[in-house]
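Chemist: Generate coordinates for the sequence data below:
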Amino acid sequence: MATDDRGFAYYCYLGGSWIAIVLLVQLFIKTCTSFCTKIRHPPSPPALPIIGHLHLLSSRLPSSLKTLASQYGSLMLIRFGLTPIFVVSDAKTAKEILKIHDVDFASKYTLAFGLSRFDIYDGYTFFNAEYGTYWRFMKKLCMTKLFAGTQLDRFIHIREQETLKLLKSLVEKSREGKPCDLGEELSVFSSNIICRMAIGKRCMENPNLPREIRKVVGDIMKNAAKFSFNEVFGPLSRFDFLGKGKELVSATWKYDQLMEQLMKKYEEKVEMINGTGDEGEKDVMDILMETYKDTNSELKLTRRHIKKFFLEIFFAGVETTATAMQSAITELIQNPTVYTKLREEIHLNVGSDNRLVKESDVPNLPFLQAVVKETLRLSPIGTLRARQCNVDTKINGYDIKAGSRILINAYAIMRDSNSWDKPDEFMPERFLSAKSTDGVDNHPTLDFKGDQDFHYLPFGSGRRACVGASHGLVVTLSTIGMLVQCFDWELKDADKIDTKMTGYSGSRALPLACYPTTRFDPTRA
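Modeler: Have a look, this model is predicted:
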């Protein structure tokens, strides 16, 4: 018993010492700053020691930040624990950062200080790489080879096959009268497409491979999300107080072993055909491994570069597309007149019982495009866009020092009442007509890339805009068209439908559980 008391006292002493040290460091920094050149910071809410402004934030982070911005301005300083971050909440300031000072803010950052210690691919990222030689090389590779229009066209049969599998699964649920978790169905669907595009030949050899990858990547995402809470500890997060770092390392090594096996199989296959390469359709793995083997390449890729790149496209390409489609169906279920109008457009241009909507039909379906545009306005891909300042600069008259972290709240920008009529309402018509019923300007000419005034940022903007936007749009538009064409939807728990966005990415906390009723059986098309 005495031993237990001594142990408890010891840990209390450690905890108290740590808090005292943090408070002294904060006081020291504040005192030193007062003697230095005066820095003009943007407005900031009153903060608490250690936790900063965390007490003012909820799991609905984009919405919480939007509320704070209404009180403290479109550029404000928020402290996530010990980490200061500048938050941008209006189009004018976003334009300053993403266009006028784009090069100064062209780098991104990882959300947790200590994550690098537990990331076996630290320093090999493309998505969060500093703006430099490696990032420019990979961006060029993505835009010219990996996700170019010609490459996407080559994969159309993959998208068609996986879409038909999804529709057949939903028809089966309809026949059985069973509810489905549509979000999970769409996640599996998106994962299968990404896996087949990325490592298609390996998927043909092992049909269970997409499921294996989805499982191991899901474990990494889960542990990384938990670890990001360490941000509250600032530089001390490297000590892994919550014990999630080791779990993250373990999950990542499992992924690494799986990818290493796939890369070795590629090398063995090339060797078997005397190094001439595979004459068949090239997937992303083929292109990256060719670059890895190319001694004349302008930049030498390593195996870790390739593994990290695949991990990032599995992260970004699966959940973002699935979330966008789930958001669209959620809005349509809650707005039956819009649903009916969209179905009528499909029936008029495609037919009601002769064939499925195709990707080639989308240009002739303007209301479908408007529905997806409006969905991405209310539920953008990545609600909070991270940037890092590379040089000392000024934004809106405030000092932004080199190394400062920025969050651009796309959620707040695309719900700004100064830019949008009835900003919180689902109104696809705003993208079709020039004036609203109240005479306010609408946005009929906006495409999915956004506008020059930065009121619409569904996929970001500037140098760090989403490289996979074209793929995501192709999948989302045609799939939503087919889901509306083929099914009616009834919610399992109408009072539990989730329209709020959580975290940095804008995911939804509750699943979309609903009953599909088949109107047009795609197996008979």
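
Chemist: Wait, Asp453 touches Lys95, no?
Modeler: Yes: Asp453 lies in contact with Lys95 (C-beta atoms under 8 Å); the separation is 6.7 Å. Just so you know, the C-beta spots here come from the backbone N, C-alpha and C atoms, and that holds for glycine as well.

Chemist: could you measure the nearest residue to Thr375 once chain neighbours are set aside against Leu152, distance?
Modeler: Setting aside the residues directly before and after it, Thr375 is nearest to Ala328 in space (C-beta to C-beta, 6 or more residues apart in numbering), at 4.2 Å. Per C-beta to C-beta, to the nearest Å, Ala328 is found 20 Å from Leu152.

Chemist: So for those two, which residue has more residues nearby?
Modeler: Between Ala328 and Leu152, counted using other C-beta atoms under 10 Å, Ala328 has the larger neighbour count: 26 against 18.

Chemist: State the number of residues packed around the nearest residue to Arg463 once chain neighbours are set aside.
Modeler: Once flanking residues are discounted, Arg463 sits nearest to Ala106: 4.9 Å by C-beta to C-beta, 6+ apart. Number of residues near Ala106 (other C-beta under 10 Å) recorded here: 20.

Chemist: Give me the pLDDT for Ala106.
Modeler: Looking at Ala106, its pLDDT reads 91.

Chemist: now swap in Lys435 and tell me
Modeler: pLDDT recorded at Lys435 is 58.

Chemist: switch to numbering from 5
Modeler: Okay, residue one is now 5; in that scheme the one you just asked about reads as Lys439.

Chemist: Just the pLDDT for the residue nearest to Cys184 when sequence neighbours are not counted.
Modeler: Nearest in space to Cys184, with sequence neighbours left out and distances taken as C-beta to C-beta, 6+ apart, is Lys177 at 4.6 Å. On pLDDT, Lys177 comes in at 92.

Chemist: Likewise for the one 4 residues further on?
Modeler: Predicted confidence (pLDDT) for Gly181: 89.

Chemist: For burial, what's the neighbour tally of it?
Modeler: For Gly181, using other C-beta under 10 Å, the count is 9.

Chemist: Please enumerate the strands of the stretch 55-204 of the chain.
Modeler: 79-84, 87-92, 184-185 (DSSP state E, counting those that start in this stretch).

Chemist: residues in contact with Ser93?
Modeler: With contact taken as C-beta atoms under 8 Å, 6 or more residues apart in numbering, Ser93 is in contact with 69-70, 73, 77-80, 413, 416-417, 420.

Chemist: do the same with Tyr296
Modeler: By C-beta under 8 Å, 6+ apart, the contact set of Tyr296 is 305-307, 310.

Chemist: and if you look at His45?
Modeler: Per C-beta under 8 Å, 6+ apart, neighbours of His45: 81, 402-403.

Chemist: just to revisit the earlier point, buried ones in the helix or strand containing the residue nearest to Thr379?
Modeler: Secondary structure assignment for Ala332, by DSSP states H and E: helix 307-338. Residues of helix 307-338 classed as buried: 309-337 (neighbour count, 16 or more other C-beta atoms under 10 Å).

Chemist: nearest to Val478, of the strands of the stretch 55-204 of the chain?
Modeler: Among the strands of the stretch 55-204 of the chain, strand 184-185 comes nearest to Val478, with 23.7 Å by C-beta to C-beta.

Chemist: residues making contact with that closest one?
Modeler: If you take C-beta under 8 Å, 6+ apart as the criterion, strand 184-185 is touched by 173-174, 177, 515-520.

Chemist: Partner strands of it, with direction?
Modeler: Counting by DSSP bridges, the strands paired with strand 184-185 are strand 517-522 (antiparallel).

Chemist: ok, residues contacting the strand it pairs with?
Modeler: By C-beta under 8 Å, 6+ apart, strand 517-522 touches 174-175, 177-179, 181-186, 337, 490-497, 500.

Chemist: please redo it, this time with the cut-off set to 10 Å
Modeler: 171, 173-179, 181-189, 333-334, 337, 487, 490-498, 500-501 (C-beta atoms under 10 Å, 6 or more residues apart in numbering).

Chemist: With stretch 164-173 instead?
Modeler: So stretch 164-173 is contacted by 184, 189-190, 192-200, 214, 360-363, 479, 482-483, 486-487, 489-491, 520, 522, 524-527, 529 (C-beta under 10 Å, 6+ apart).
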